[in-house]
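Undergrad: fold the following.
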Amino acid sequence: MYKSPETFDLLNKDEVEGVLSGAFYQPPPAEAEPRSRSKNLPKPEHYKVICISMYTDDLERLDEMVKELKSRGLTKANRSALIRQALLQIDLDKVPRGI
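TA: Reported below is the predicted structural model:
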């Protein structure tokens, strides 16, 4: 394949190596701050993030309820808020034994 002299001027070997060594081959900065809590702020104590498992049918029902609440104008409705509200209303005497 023939390369014209213009091609050689365009791809100057020293310039290409300089760009690659400066951008691609340098190690990441050693003292990179973590994205969250970078200022050593105290952790909030009024809530905790948890992980629970739920059946997909229950999640779909929960999401439909959130959607319905939002359509009624409760724009801050979400899964967590709805679960918190349900906890306030539950009657432990009515919970079936086989849960």
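Undergrad: which one's the longest helix in this protein?
TA: Looking across the chain with DSSP state H, the single longest helix is helix 56-71.
Undergrad: give me the contacts around that one.
TA: Met54, Ala77, Asn78, Arg79, Leu82, Ile83 (CB atoms under 8 Å, 6 or more residues apart in numbering). Heads up, the C-betas are built off the backbone N, CA and C, glycines and all.
Undergrad: cool, stretch 83-99 as well?
TA: Counting by CB under 8 Å, 6+ apart, residues outside stretch 83-99 touching it are Leu62.
Undergrad: hmm, back to that, just the buried positions in the next helix or strand after the longest helix of the chain, please.
TA: Sequence-wise, the next helix or strand downstream of helix 56-71 (DSSP states H and E) is helix 79-89. The neighbour-count check on helix 79-89 (16 or more other CB atoms under 10 Å) flags Leu82 as buried.
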